[in-house]
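Participant: How does the following fold in three dimensions:
(one chain, ligands or ions: 2)
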Amino acid sequence: MSDARDQQAKFRRQQPLPIRFVHWCNALFIVLMAGSGLQILTAYPYLGPRGALYRWYPLQGVAPPSWLTVGGWLAGGRHWHFAIAWFFVLNGLVYLAYLFASGEWRRRTFIPARDAAPAVAQFLYYARLRKSPPPAGFYNGLQRLAYSSIIIIGVAMTLSGLAIYKPVQLHFLTMLFGGYDGARVVHLAGLALIALFVATHLVLVALHPREILAMITGGKRE
Ligand code: HEM
Ligand code: HEM
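Facilitator: Numbering: from 1, shown residues only. Ligands and ions are numbered 1, 2, ... in the order given. Below you'll find the model as predicted:
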């Protein structure tokens, strides 16, 4: 069975249509989720309950700039956030289903025994502490690490989002995050990690413009 899948993978484009489709939908959804989330944060830009704020949070009372927000006001931001959240989740499920059904996960996801050492070597290469890049397959170890981490961050955003959305009905989930305030901390930290991922991702893909074309047209058949 897996041989047949490997055979199919040989005739697939570098970036098969389902991956391209969910990738570009996801890019749009993340911008809308981050913008509407920041609009929601603007209404109460503090962490911790009223009267007992988390002192370690450096941005207490600092509202995000309005050009980063989507929705115009709290209710508008919430409408956008809750509407797009389901598309974001569905899109993620389609991606995971395709990744596993097609066998593409083998060359795209981070498998520690295979990828940990090459990821460190690749990092040392980027940091100019190593002269030549380590041998890489379809993706290098660092790409696999980044792309698998962002899947886990997406799951954490969904679970912490659900914990804030229905803290009474889903109280077991909310308790898992250490309560409502803990879930907000995780949700906001997730936003920061997504921003870090996107900034690094954009710099790295800008260094390989041909890959951007492949993410649009599909690229060569393997
Ligand atoms: C890329 C994904 C996401 C990003 C970047 C994001 C970002 C944010 C941000 C910045 C906030 C404001 C934080 C606060 O003030 O507490 C927020 C609030 C919230 N998010 Fe998300 N979020 C994402 C996904 C989701 C998902 C998938 C769900 C639901 C399943 C969700 C549900 C919520 C809820 C319920 C709130 C609080 C709304 C309120 O207090 O009125 N989020 N989000
Ligand atoms: C919200 C933002 C984005 C997220 C979360 C994101 C996430 C990802 C992920 C998870 C992959 C790996 C897909 C796989 O192989 O299964 C990927 C690949 C890729 N992305 Fe993005 N992406 C974003 C925005 C962009 C943008 C704006 C561009 C182009 C300007 C871009 C260009 C690419 C390219 C060229 C690849 C191919 C793989 C490579 O060469 O490393 N992405 N992206």
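Participant: ok, L59 - how many residues close by?
Facilitator: 12 (other Cβ atoms under 10 Å). Every C-beta, even on glycine, is put in place using the N, C-alpha and C of the backbone.
Participant: Just the element for it, please.
Facilitator: Here L59 sits in a region with no helix or strand, counting by DSSP states H and E.
Participant: Leaving out sequence neighbours, find the closest residue to it.
Facilitator: Nearest residue to L59, sequence neighbours excluded (Cβ to Cβ, 6 or more residues apart in numbering): P45, at 7.0 Å.
Participant: Contact residues of this protein facing ligand 2?
Facilitator: 19, 23, 26-27, 30, 108, 143, 147, 150, 198, 201, 205, 208, 211-212, 215 (Cβ under 6 Å from any ligand atom).
Participant: Now the two most distant members of those residues.
Facilitator: I30 and H208 (20.9 Å; Cβ to Cβ).
Participant: quick one, which of the two is more surrounded?
Facilitator: Per other Cβ under 10 Å, whichever of I30 and H208 has more neighbours is I30, with 20 against 10.
Participant: just checking, the more buried one is part of a strand?
Facilitator: No. Counting by DSSP: H, G, I helix; E, B strand; the rest coil, one finds I30 to be helix, located in no strand.
Participant: Hmm, I194 and it touching each other?
Facilitator: Yes. I30 lies in contact with I194 (Cβ atoms under 8 Å); the separation is 6.4 Å.
Participant: and the residue nearest to L59, how far is that from L74?
Facilitator: According to Cβ to Cβ, to the nearest Å, P45 and L74 sit 12 Å apart.
Participant: can you check G161 too?
Facilitator: Applying Cβ to Cβ, the value for G161 to L74 is 16 Å.
Participant: Just want to know which of the two has more residues nearby.
Facilitator: Applying other Cβ under 10 Å to G161 and L74 shows that G161 carries more neighbours, namely 21 against 14.
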